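1. Give me the fold of what follows.
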Amino acid sequence: MSRIGKQPVKIPSGVTVDVKDTNVKVKGPKGEMEFTFHPRVTIKVDGDTVVVTRASEEKADRSLHGVTRTLIANMIEGVSKGYSKQLEIQGVGYRAQLAGSKLTLFLGFSHTIEFPAPKGITLSIDAEKKNIITVAGIDKQLVGETAAKIREYKKPEPYKGKGIRYVGEHVQRKAGKAAASAK
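-> Numbers count the residues shown, from 1 in each chain. Predicted structure coming up:
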C-alpha cells in the first residue's frame with residue numbers, strides 16, 4: 001500500500017468535494033478547481049475526508065494512487081488557503097512595476113520585459129521593499145510555473161549575485177578574476 005496514497009485527505013469547513021465518474025470538483029472560499037483522474041483509481045468522500053483507493057497492486061496503479069491523492073490534497077489546500085511564492089530582485093537599477101495584471105521588469109537590458117499574469121494568478125509588489133514580487137493563486141502548479149517563468153528572465157549570476165531569485169534562495173558565489181591574479 002502506498003504510504004502517501006492510503007492517508008485520507010481531511011476536508012476543512014467551507015470546502016466541498018464532488019466526485020462524478022472520473023471527475024473531481026473542489027469548491028472553497030478562494031475559488032473552484034476541477035481534476036479528471038485515471039479510471040484505475042477510485043475516490044470516495046466519507047463525511048469530512050476523501051479516501052483514494054486503487055484497483056490492483058500493479059506498478060502503474062501504485063504510482064497513480066499516490067499522485068492522485070496528492071493532487072486532491074493540493075486542490076483542497078489551494079481553494080481553502082491558496083499558494084504563494086515570493087521572488088526577490090537584486091541588482092543596481094533592477095526593478096519591477098505593476099500596472100493592472102501586467103508586470104513590467106527593468107533588468108538591465110536595452111528593453112523592458114512585459115509579463116502578463118496568467119488567468120488565476122495574482123501578482124503584487126511589496127510597497128515597502130520594491131524588489132519583492134509575490135505570485136499567488138489557488139493552483140500550486142500554476143503558481144510555481146509562473147514564478148519560474150519570471151525568474152527565468154534574469155537568473156541570479158554567481159559573481160555579483162544580480163538577478164531574480166526566490167526569497168531565501170542561496171546563490172553560490174564565485175571569486176572573480178582578482179582572486180586568480182593575486183599570486
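
2. alpha carbons only for contacts and neighbour counts from here, please
-> Fine.

3. Spatially central residue for this structure, please.
-> residue 144 (2.7 Å; Cα atoms, centre = their mean).

4. where's that residue relative to residue 17, distance?
-> Residue 144 is 24 Å from residue 17, where distance means Cα to Cα, to the nearest Å.

5. Tell me which stretches of the chain form helices.
-> Using DSSP state H, the helices found in the chain span residues 59-80, 140-152, 177-180.

6. got CSV for those helices, with distance to residue 133 too?
-> As requested, these are exported to CSV (distance: least, Cα to Cα, whole Å):
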stretch, distance to residue 133
helix 59-80, 20
helix 140-152, 9
helix 177-180, 33
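
7. Dump these to JSON lines, plus mean pLDDT and distance to residue 13.
-> Listed next are these as JSON lines, based on pLDDT from 0 to 100; distance: least, Cα to Cα, whole Å:
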{"stretch": "helix 59-80", "mean pLDDT": "93", "distance to residue 13": "9"}
{"stretch": "helix 140-152", "mean pLDDT": "96", "distance to residue 13": "20"}
{"stretch": "helix 177-180", "mean pLDDT": "66", "distance to residue 13": "59"}
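
8. hey, which of the ones you listed is tucked in deepest?
-> When neighbours are counted by mean count of other Cα atoms under 10 Å, the highest per-stretch mean among these falls to helix 59-80, a mean of 19.

9. Walk me through the domains of this protein.
-> Following automatic domain parsing, one finds the domains of the chain at 9-80, 83-166.
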